[in-house]
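> Could you work out the structure for the sequence below:
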Amino acid sequence: MKKVLIAAFAVAAPLLAQTAAPANVAGVWDIGGEVAGVQVVEHCTFVQADDDSLTGSCDVQGAKWPTKGNVKGGDVTFQHAGKYNGDDYTIVYHGKLDKGALTGTMDVDPFGVTGSFTAAKGTATPAPAPAGM
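I've put the predicted structure just below:
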């Protein structure tokens, strides 16, 4: 019995030691979505540190907002401040990276509204604001 347990451990140990490598989201991302009937268009640039924390900025309607977050496996969370109709807010993104695309939800505080977003690797030029904004 002891030999069977040792053999089973020898086979399982390398599998247990493997953890999912964190997603690499460093670079430029174009984000689009909708929350409470409002179109969201952002152009974000992320720097990913060795500890998988994120820093960077997001361009929103001509304003650049400092951004911070983290990556755990394929889960990505980031947030930044903003201003809508003169009111301050914080938007928090919760997404999953799959096949090069980031999809998920966004929460806007203090308004208490939630929406969805998709993001794709972008270019160095900010995305234009949607008409009417």
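> all helices for the chain, in order.
Per DSSP state H, the chain carries helices over the ranges 2-17.
> Where does pLDDT dip in it?
Within the chain, the segments meeting pLDDT under 70 span 1-22, 124-133.
> how does it look with 80?
Within the chain, the segments meeting pLDDT under 80 span 1-22, 123-133.
> Going along the chain, name the strands of it.
27-35, 38-48, 53-60, 63-72, 75-84, 87-98, 101-109, 113-121 (DSSP state E).
> which residues sit against the third one?
So the one you mean is strand 53-60. Here strand 53-60 makes contact (Cβ atoms under 8 Å, 6 or more residues apart in numbering) with 25, 31, 41-49, 64-71, 76, 78, 80, 82, 126-127. (Each C-beta comes from the backbone N, C-alpha and C, glycine too.)
> now stretch 112-120
29-36, 38, 40, 44, 93, 95, 100-108.
> run the last query once more with 10 Å
If you take Cβ atoms under 10 Å, 6 or more residues apart in numbering as the criterion, stretch 112-120 is touched by 25, 28-40, 42, 44, 76, 89, 91-95, 97, 100-108.
> beta partners of residue 75?
Per DSSP bridges, the residues bridged to residue 75 are residue 72, residue 96.
> What's the local residue count around it?
Other residues lying near residue 75 total 15 when counted by other Cβ atoms under 10 Å.
> Am I right that it is in contact with residue 97?
Yes: between residue 75 and residue 97 there is a contact at 8.0 Å, judged by Cβ atoms under 10 Å.
> thinking again about what came up before, just the buried residues out of the contacts of stretch 112-120, in ChimeraX syntax.
The buried residues among those can be selected in ChimeraX (16 or more other Cβ atoms under 10 Å) with this line:
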select :25,28,29,30,31,33,35,40,42,44,76,91,93,94,95,97,102,104,106,107,108
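> Pretty sure residue 91 sits against residue 38.
No: using Cβ under 10 Å, residue 91 makes no contact with residue 38, being 11.1 Å away.
> tell me, what's touching the two both at once?
What both residue 91 and residue 38 touch, as defined by Cβ under 10 Å, 6+ apart, is the set 84, 108, 113, 115.
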